[in-house]
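In: Here's my sequence, what's the structure:
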Amino acid sequence: MAVISAKPRKQRRTLYNAPLHKLTKLMSAHLAPALREKYGRRSLPVRVGDTVKVMWGDYRGIEGKVREVDRKKRRVYVDNVTKKKADGTTIHVPIPVSRVMITQLNLDDKYRKKKLEEGVKAE
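Out: Got it, this is the predicted structure:
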């Protein structure tokens, strides 16, 4: 998505009203240095099954698999990031996608795998 305006209010409005197919690209997270070197890319959209590490915030340093991706709120739910409610039930805490780094990719999708391999061959 191109920046339409320099005004923060208009940028926020564009982001909040963005269609879901454009939000997919905004759900990108940085790759770990080893993956960055291997695939020649800085970031990739986060998918269910990827292993991520929380880089900052209350849950910094925790690593786990992505169990859910909420595109509308731009949050990911990681297996090991939980908290207990007052009644004792455990819930998963949403983490902003900008706070995580992908450490291991889920390459079950043949299209994703092919796309990554094409990028490596092009160099």
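In: Quick one: residues contacting residue 105.
Out: Residues near residue 105 by Cβ atoms under 8 Å, 6 or more residues apart in numbering: 35, 44, 50, 112, 116. Heads up, the C-betas are built off the backbone N, CA and C, glycines and all.
In: should've said residue 74
Out: Under the criterion of Cβ under 8 Å, 6+ apart, the neighbours of residue 74 are 23, 26, 27, 96, 97.
In: of those, buried ones?
Out: 23, 27, 97 (16 or more other Cβ atoms under 10 Å).
In: For the first one, what is the enclosing helix or strand?
Out: Translated: residue 23. Assigned by DSSP states H and E, residue 23 belongs to helix 20-26.
In: Number of residues surrounding residue 93?
Out: 14 (other Cβ atoms under 10 Å).
In: Can you get me a residue count around residue 4?
Out: By other Cβ under 10 Å, neighbour count at residue 4 equals 10.
In: Let's check: the centremost residue of the chain is which one?
Out: Computing the C-alpha centroid of the chain and ranking residues by Cα atoms, centre = their mean puts residue 46 first, at 3.6 Å.
In: Please go through this structure and pick out the longest strand.
Out: When secondary structure is assigned using DSSP state E, the longest strand within the chain turns out to be strand 75-84.
In: Mind listing residues that contact that strand?
Out: Looking at strand 75-84 with Cβ under 8 Å, 6+ apart, the contacting residues turn out to be 27, 46, 52, 54, 59, 62-70, 90-97, 100.
In: so what strands line up beside the next helix or strand along the chain from it?
Out: Counting by DSSP H and E, the next helix or strand C-terminal to strand 75-84 is strand 90-96. Strands flanking strand 90-96 in the sheet, each with its direction: strand 75-84 (antiparallel) (DSSP bridges).
In: Any idea how far the strand it pairs with is from the middle of the chain?
Out: On the basis of Cα atoms, centre = their mean, to the nearest Å, the separation between the geometric centre of strand 75-84 and that of its chain is 13 Å.
In: any weak-confidence spans in the chain?
Out: Along the chain, the model assigns pLDDT under 70 to residues 1-3, 120-123.
In: where do the strands sit along it?
Out: Assignment of strands within the chain using DSSP E yields the ranges 28-31, 43-45, 51-54, 63-70, 75-84, 90-96, 100-104.
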